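1. Just the structure for this:
(chains A and B)
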Number of protein chains: 2
Amino acid sequence: MTRRTGRRPGNPGTRESILDAARAAFAERGFDAASIRAIAGTAGVDPALVHHYFGSKDQLFLAAMNLPVDPGQLVPRVLAGDRDGVGERMVRVFLGVWDSPAGSAGVALLRSAVSNEWTARLLREFITTQVLRRVLEQLDVEPAQLPLRGSLVATQMIGLAMMRHVVRLEPVASADPETLVAAIGPTVQRYLTGSLAS
Amino acid sequence: MTRRTGRRPGNPGTRESILDAARAAFAERGFDAASIRAIAGTAGVDPALVHHYFGSKDQLFLAAMNLPVDPGQLVPRVLAGDRDGVGERMVRVFLGVWDSPAGSAGVALLRSAVSNEWTARLLREFITTQVLRRVLEQLDVEPAQLPLRGSLVATQMIGLAMMRHVVRLEPVASADPETLVAAIGPTVQRYLTGSLAS
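-> Numbers count the residues shown, from 1 in each chain, chains lettered A, B, ... in the order given. Next comes the predicted model:
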């Protein structure tokens, strides 16, 4: 459905040049500070060509990380329902993605992030800006607590992905998703909306 | 303090041969089924030499995994106190190890486990037999639930180590240990002794 814009489409390597520039910018400056204009400048192309190829900055970020899943489409499923069920819904949606063919991209991302500082930075930006911020913004919690709550959720979710899909520790590796939703949902719920003091 | 036993000490590479054979045996057969006798056989040495070099099977396992910390000495600190505090004590002892110089061995182990299936197997055996089983055996919980409880604890603890020490997501990466003990202790407590159904 892409329409000819009349612009030069760039050399065959243009798309890769843009993705390389995007990865560098997102890792070095972070998602919020990286601009399409600067990424286009590094790649030596017109900013309009970046939009033409990739759409929004969010979509460019997902393409730069090789992720086949768009959290922008998943977060509404996490938020759809009562506030007390957001923890269970987050675990359910998360497992749905990781148990699907898209999960292999997640495993590849985790593998890369533990050995490569740049990928670790991209993973941090992804977790924070694409997932946690979008959920936490909707939950009406004390703003000063958002970063700690978000990173606690990340410890539980990334640990779940690690044990189920990378280290494959049983019975978590083969457990029925709803068993894990029931067991882990309350943890995520407390990290999102509950008391964090003992 | 090692005493001459009168046995031949083996060739210079004997110690490494034993460790190679031990890694293979623990990864292929698991900790429980691997025997010192079989490991010695693979390495071409007398079983007594394995005991002479490494002591017990537990100690051989720690040496094979290059771990500078012996969970056998840490688990009593987790168990020392009331049952309702075991979750907080486990997080506190865990953070104490990971925040110490020994933490770099943990990071190296995680890095290796995500890219190497053998190391992942050794990590599974380590988590299960050296840490979780020793704690859970003392807590008087339904035996049928022990594997699920143990692997849920592993999701939270490994996720904590990943986010604090590998991916370094803030504020978990720099948080005061007691902040994390207060926030994550109740999670571990529930996985160990609480209800896992929603």
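2. how deep is A:Asp82 tucked in, by neighbour count?
-> 7 (other Cβ atoms under 10 Å in any protein chain shown). Just so you know, the C-beta spots here come from the backbone N, C-alpha and C atoms, and that holds for glycine as well.
3. Same check on the one 4 residues further on?
-> Using other Cβ under 10 Å, A:Val86 has 22 neighbouring residues.
4. right, and it touches A:Leu139 too?
-> Yes. When contacts are counted by Cβ atoms under 8 Å, A:Val86 is listed as touching A:Leu139 (6.8 Å).
5. any residues in contact with both of these two?
-> Common neighbours of A:Val86 and A:Leu139 (criterion: Cβ atoms under 8 Å, 6 or more residues apart in numbering or on different chains): A:Leu192, A:Thr193.
6. where in chain A is pLDDT low?
-> Within chain A, the ranges that satisfy pLDDT under 70 run A:1-12, A:198.
7. Skipping its backbone neighbours, what lies nearest the residue of it found nearest chain B in space?
-> Residue of chain A nearest chain B, by Cβ to the nearest Cβ: A:Gly159 (2.1 Å). Counting by Cβ to Cβ, 6 or more residues apart in numbering or on different chains, A:Gly159 lies nearest to B:Gly159, which is 2.1 Å off, once chain neighbours are set aside.
8. which other helices and strands contact the helix or strand containing the one you found?
-> Secondary structure from DSSP states H and E places B:Gly159 in helix B:146-161. The contact analysis (3 or more Cβ pairs under 8 Å, 6 or more residues apart in numbering or on different chains; DSSP states H and E) places helix B:146-161 against helix A:146-161, helix A:177-193, helix B:86-98, helix B:103-115, helix B:133-136, helix B:177-193.
9. swap the cut-off to 7 Å and go again
-> On a contact count with 3 or more Cβ pairs under 7 Å, 6 or more residues apart in numbering or on different chains; DSSP states H and E, helix B:146-161 meets helix A:146-161, helix B:133-136, helix B:177-193.
10. Mind putting those into JSON lines with mean neighbour count and distance to B:Ala24?
-> Shown next, in JSON lines, are the helices and strands packed on helix B:146-161 (neighbours: other Cβ atoms under 10 Å in any protein chain shown; distance: least, Cβ to Cβ, whole Å):
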{"stretch": "helix A:146-161", "mean neighbour count": "24", "distance to B:Ala24": "28"}
{"stretch": "helix B:133-136", "mean neighbour count": "19", "distance to B:Ala24": "22"}
{"stretch": "helix B:177-193", "mean neighbour count": "21", "distance to B:Ala24": "32"}
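11. To B:Leu169, which of those lies closest?
-> Proximity to B:Leu169 (Cβ to Cβ) singles out helix A:146-161 among the helices and strands packed on helix B:146-161, at 4.9 Å.
12. So what touches the closest one?
-> Here helix A:146-161 makes contact (Cβ atoms under 7 Å, 6 or more residues apart in numbering or on different chains) with A:94, A:98, A:106, A:110, A:127-128, A:132, A:136, A:141, A:184, A:187-188, A:191-192, A:196, B:155-156, B:158-160, B:162-163, B:169-172, B:183.
13. So what's the gap between it and the chain middle?
-> In terms of Cα atoms, centre = their mean, to the nearest Å, the gap separating the centre of helix A:146-161 from the centre of its chain is 12 Å.
14. Equivalent analysis for stretch A:146-165, please.
-> Centre-to-centre, stretch A:146-165 and its host chain are 12 Å apart (Cα atoms, centre = their mean).
15. about what we covered before: could you give the angle of the helix holding B:Gly159 to helix B:86-98?
-> With axes from the mean of the first three to the mean of the last three Cα atoms, to 10 degrees as the basis, helix B:146-161 and helix B:86-98 are set at 50 degrees to each other.
16. tilt between helix B:146-161 and helix A:177-193?
-> In terms of direction (the same axes, to 10 degrees), helix B:146-161 departs from helix A:177-193 by 40 degrees.
17. May I have helix B:146-161 as CSV, with CA atoms only?
-> Only the C-alpha atoms of helix B:146-161 are listed here, as CSV (Å, rounded to 0.1, in the frame of the first residue of the first chain):
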residue,chain,number,x,y,z
LEU,B,146,7.5,-27.6,45.9
PRO,B,147,8.7,-27.5,42.3
LEU,B,148,6.3,-24.7,41.2
ARG,B,149,7.0,-22.7,44.3
GLY,B,150,10.7,-23.1,43.8
SER,B,151,10.6,-22.1,40.1
LEU,B,152,8.4,-19.1,40.9
VAL,B,153,11.0,-17.9,43.4
ALA,B,154,13.6,-18.4,40.6
THR,B,155,11.7,-16.1,38.2
GLN,B,156,11.7,-13.3,40.7
MET,B,157,15.3,-13.7,41.9
ILE,B,158,16.9,-14.2,38.5
GLY,B,159,14.8,-11.3,37.1
LEU,B,160,16.1,-9.1,40.0
ALA,B,161,19.7,-10.1,39.2
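18. Taking helix B:103-115 as reference, get the angle to that helix.
-> Interaxial angle, helix B:146-161 versus helix B:103-115 (the same axes, to 10 degrees): 110 degrees.
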